[in-house]
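K.L.:
Could you look at this predicted model? Sequence included:
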Amino acid sequence: MMHRTIYNKDDAEAIGKLISGRSKFPFTIKVTDGASRSLKQNRLYRKWLTEITEQKSEMAAAEWNGYCKLHYGVPIMRASCADYAETYDRFIKKTYSYEQKLAIMTGNYGWPVTSEMNTKQMKEFLDKIHMEFTAQGVRLTDPNVEA
């Protein structure tokens, strides 16, 4: 699967050439607004999962990941994408218990949440995590301070 972020007209023209040069048909193109989540956002989220796990030892980092995806990521994605909401509701929401949903979110090949986010959605996700866990006394790395 090919994934490209288009930042300007030159990028758009290049992807147009790439598409028109394809000889294997059929294929599907999906266009979404915004850039995909950033590597910096990914690193911060992984760091926060480690910090949360160290300070709230009742769950492993993978379990906290599932918790955050279910509690914050899914609502963000459902609110911003009708297709995502419809698919999640049809396959997950009405089918599984809360514990099963957490397990689905926790697995390495679980339900896609953060992998589908753009930078704006990922910022909202991180902001919600920061708000909840700092309110509980968890000290998280400040994303505005360079390490």
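P.N.:
Sure thing, it's come through.

K.L.:
and the gap between the residue nearest the centre of the chain and residue 38?
P.N.:
Against the mean C-alpha coordinate of the chain, by C-alpha atoms, centre = their mean, the closest residue is residue 114 at 0.9 Å. According to C-beta to C-beta, to the nearest Å, residue 114 and residue 38 sit 12 Å apart. Placement of C-beta: from N, CA and C, glycine included.

K.L.:
Residue 5 now?
P.N.:
In terms of C-beta to C-beta, residue 5 sits 10 Å off from residue 38.

K.L.:
and what of residue 112?
P.N.:
Taken as C-beta to C-beta, the span from residue 112 to residue 38 is 17 Å.

K.L.:
count of residues packed around the residue nearest to the residue nearest to the centre of the chain when sequence neighbours are not counted?
P.N.:
Nearest non-adjacent residue to residue 114, counting by C-beta to C-beta, 6 or more residues apart in numbering: residue 73, 5.6 Å away. Residue 73: 26 surrounding residues under other C-beta atoms under 10 Å.

K.L.:
Pretty sure residue 73 sits against residue 125.
P.N.:
Yes - using C-beta atoms under 8 Å, residue 73 makes contact with residue 125 at a distance of 5.5 Å.

K.L.:
Need the overlap of contacts for the two.
P.N.:
Jointly contacting residue 73 and residue 125 under the rule C-beta atoms under 8 Å, 6 or more residues apart in numbering are 114, 117.
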